[in-house]
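1. Provide a 3D model corresponding to the input given below.
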Amino acid sequence: MSDTTRTTRLRRAGFLLVGGALCATALPAMSAGAAEAPDRAGQETAADPFDVLVFSKTAGFRHDSIETGIETITELGEANDFTVTATEDSALFTEENLAQYEAVVFLSTTGDVLDDAQQTAFEGYINNGGGYVGVHAAADTEYDWEWYDGLAGALFDSHPQIQQATVNVEDHDHPATAHLGDTWERTDEWYNYRTNPRETARVLASLDESSYEGGNMEGDHPIAWCKEYDGGLAFYTGGGHTIESFAEEDFRQHLLGGIQYAAGQTDADCSVEGENPEEPEYTSIFDGTSTEGWTQAGPGGFELDAEEGTLTSVGGMGLFYYEAEAYENFSLLLDWRQIGDSNSGIFLGSPVSDDPWDAVDQGYEIQIDDTDVPERTTGSVYTFQSADIEARDAALNPNGEWNTYELRVEGDHLQIFLNDVLINDFTSTEENRSLAGHIGLQNHGDEDTVQFRDVRVAELTATDCQH
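-> Next comes the predicted model:
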């Protein structure tokens, strides 16, 4: 792969600005089923094959899980269209050889594993847009190399005995954590780190130090994070000490998402919180604990599970809409999960009414149903415009897993992002319909089960619409 094609992924904030630039002049609407996949600055999609180097040299303690980790990453590659080269030969760290790979995985490396020339080659690889994945003891590596400390995000300090702990999932958008609930119970060897990576990285998950013994990070204990660093992309997970870790489906998906991100195959916001003042400020309208401000129109409804932070559709056909506020120019972010062959949707432009059909007649539905015809399938503006099916299919997580919609409205213009990929670009021309109004979640019927969580809205201002 050439240096020109190995480009770093766009951050969500930057992509919001692209959307904001459309506030004054909307893009032409995509025709049903005929739209081209978004360019994404020449970046590859998750459907593209890529190459990964797994490096597991140890100059200190050697983990007995390394061989299992290599087998696991190889299996993930076979199932997800990437090749894996495993090595402990640091002589392969040359500019020419590293250029073959979209990502390099440091799999529980320990100690001083690269000489000065090899370090320079690896720095150049990252400078040219390469990807780094650190697993567990990758943080117990190269203590005298300041640049590597920055790449990894933090270095090892100590650890207690292997034990179960509660992992708090802080980011449900990143492909490494999108499949997880708000908490994740698992057993591993939990590292303490010399510094807190939160200051320089986007924390994806952290440890609840009250759930186990031996944490020393004063209650703020990141355990997985990502960042853009010196021209490239970096992901680190503290998991993976035990052989058993690599048999856990959730951990395997966690590792896969990190590899795909670092290799530039998926898009994710890894900016440091508060780093991008241009990004609109989101306000939660459903935080998982209360449905205050919401009203049910029509039969059925939604069941609140405060422990899981979810709303689950029951019966119907009805509409659960946010009556407390109407929106005109806004970005709506929410997570949804389809259980089986189910049907639901998000309504924009809903009126205040106890009849859900008023929303059907006056607003627009963004569909959730991946088995229907193009103009009525996931990502479509229901009956009006299909999603770009190729882009949708590449971005869509499998049935039963969480997906994220961003619905961005400016006047008569709507953009639909699925897991950070633009899949539909629509302009309303219907005189009797509007994208502005109340936001609604559809409960479709007794045979349909769809869940929602983390519903939040940012109202767009003139600042958000500037280049």
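
2. Residue 387: what's its closest spatial neighbour, skipping adjacent residues?
-> residue 379 (3.0 Å; Cβ to Cβ, 6 or more residues apart in numbering). Placement of C-beta: from N, CA and C, glycine included.

3. whoops, I mixed them up, residue 80
-> Counting by Cβ to Cβ, 6+ apart, residue 256 is the residue found nearest to residue 80 once chain neighbours are left out, at 6.4 Å.

4. Then residue 171?
-> Closest residue to residue 171 apart from its sequence neighbours, by Cβ to Cβ, 6+ apart: residue 204 at 4.5 Å.

5. doesn't residue 236 make contact with the one you found?
-> No - the criterion here is Cβ atoms under 8 Å, and residue 204 misses it with residue 236 at 9.3 Å.

6. Comparing the two, which shows the higher neighbour count?
-> Neighbours were counted for residue 204 and for residue 236 using other Cβ atoms under 10 Å; residue 204 has more, 31 against 28.

7. residue ranges with poor pLDDT in this structure?
-> 1-47, 274-279, 462-467 (pLDDT under 70).

8. Pick out the residue closest to the middle of it.
-> Nearest residue to the geometric centre of the chain (Cα atoms, centre = their mean): residue 174, 2.2 Å.

9. Quickly find the element holding that residue.
-> Residue 174 belongs to no helix or strand when assigned by DSSP states H and E.

10. what separates it from residue 419, distance-wise?
-> Going from residue 174 to residue 419 by Cβ to Cβ, to the nearest Å gives 10 Å.

11. And for residue 198?
-> As defined by Cβ to Cβ, residue 198 lies at a distance of 24 Å from residue 419.

12. Between those two, which has more neighbouring residues?
-> When residue 198 and residue 419 are compared on other Cβ under 10 Å, the one with more neighbours turns out to be residue 419, at 24 against 19.

13. Make sure the more buried one is actually in contact with residue 396.
-> Yes - with contacts counted by Cβ under 8 Å, residue 419 reaches residue 396, the gap being 7.4 Å.

14. any residues in contact with both of these two?
-> residue 403 (Cβ atoms under 8 Å, 6 or more residues apart in numbering).

15. Show the contacting residues for residue 175.
-> Taking Cβ under 8 Å, 6+ apart, we find residue 175 in contact with 256, 257, 258, 260, 261, 266, 268, 419.

16. Check the burial of the residue nearest to the fourth one when sequence neighbours are not counted by counting its neighbours.
-> Closest residue in space to residue 260, ignoring its immediate chain neighbours: residue 266 at 4.8 Å, by Cβ to Cβ, 6+ apart. Residues contacting residue 266 under the criterion other Cβ under 10 Å number 25.

17. Residue 266 belongs to a helix?
-> No - counting by DSSP: H, G, I helix; E, B strand; the rest coil, residue 266 falls outside a helix, being coil.

18. gap between whichever strand or helix holds the residue nearest to residue 80 and the chain center?
-> Assigned by DSSP H and E, residue 256 belongs to helix 249-262. Mean-position distance between helix 249-262 and its chain equals 11 Å (Cα atoms, centre = their mean, to the nearest Å).

19. who touches that helix?
-> Helix 249-262 has contacts (Cβ under 8 Å, 6+ apart) with 9, 46, 52, 72-73, 76, 80, 82, 102-103, 105, 131-133, 135, 174-180, 184, 186, 224, 226, 233-237, 239-240, 245-246, 266, 268, 270.

20. So which of those belong to strands?
-> Taking DSSP state E, the ones among the contacts of helix 249-262 that sit in strands are 52, 82, 103, 105, 131-133, 135, 184, 186, 224, 226, 233-237.

21. Kindly report the domain assignment for the chain.
-> Following automatic domain parsing, the chain resolves into domains at 50-262, 280-465.

22. Just the helices from the stretch 301-450 of the chain, written as ranges.
-> Remark: helices assigned in the stretch 301-450 of the chain by DSSP state H, counting those that start in this stretch are 356-362, 389-395.

23. Can you name every helix or strand that the last one contacts?
-> In this structure, helix 389-395 makes packing contacts with strand 421-427, judged by 3 or more Cβ pairs under 8 Å, 6 or more residues apart in numbering; DSSP states H and E.

24. Pull the number of nearby residues for residue 232.
-> For residue 232, the neighbour count with other Cβ under 10 Å is 23.

25. i'd like the first residue to be 469 from this point on
-> Will do, 469 is the new start, and the previous item becomes residue 700.

26. what's the closest non-adjacent residue to it?
-> Per Cβ to Cβ, 6+ apart, closest to residue 700 is residue 594, 3.7 Å.

27. got it, and residue 770?
-> The shortest distance from residue 770 to any non-neighbouring residue, by Cβ to Cβ, 6+ apart, is to residue 779 (4.2 Å).

28. Run through the residues that contact that neighbour.
-> 754, 759, 770, 771, 772, 773, 788, 909, 919, 920, 921 are the contacts of residue 779 under Cβ under 8 Å, 6+ apart.

29. okay, those in CSV with distance to residue 893 and neighbour count next?
-> Putting the contacts of residue 779 into CSV (distance: Cβ to Cβ, whole Å; neighbours: other Cβ atoms under 10 Å) gives the following:
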residue, distance to residue 893, neighbour count
754, 26, 25
759, 32, 16
770, 30, 24
771, 34, 11
772, 34, 17
773, 34, 13
788, 27, 26
909, 23, 26
919, 27, 21
920, 24, 24
921, 26, 22
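
30. helix/strand/coil for the residue nearest to residue 639?
-> Residue 672 - assigned by three-state DSSP - is strand.

31. give the contact list for it.
-> With Cβ under 8 Å, 6+ apart, residue 672 has these contacts: 637, 638, 639, 642, 644, 645, 692, 693, 694.

32. separation between it and residue 627?
-> With Cβ to Cβ as the criterion, residue 672 and residue 627 are 20 Å apart.
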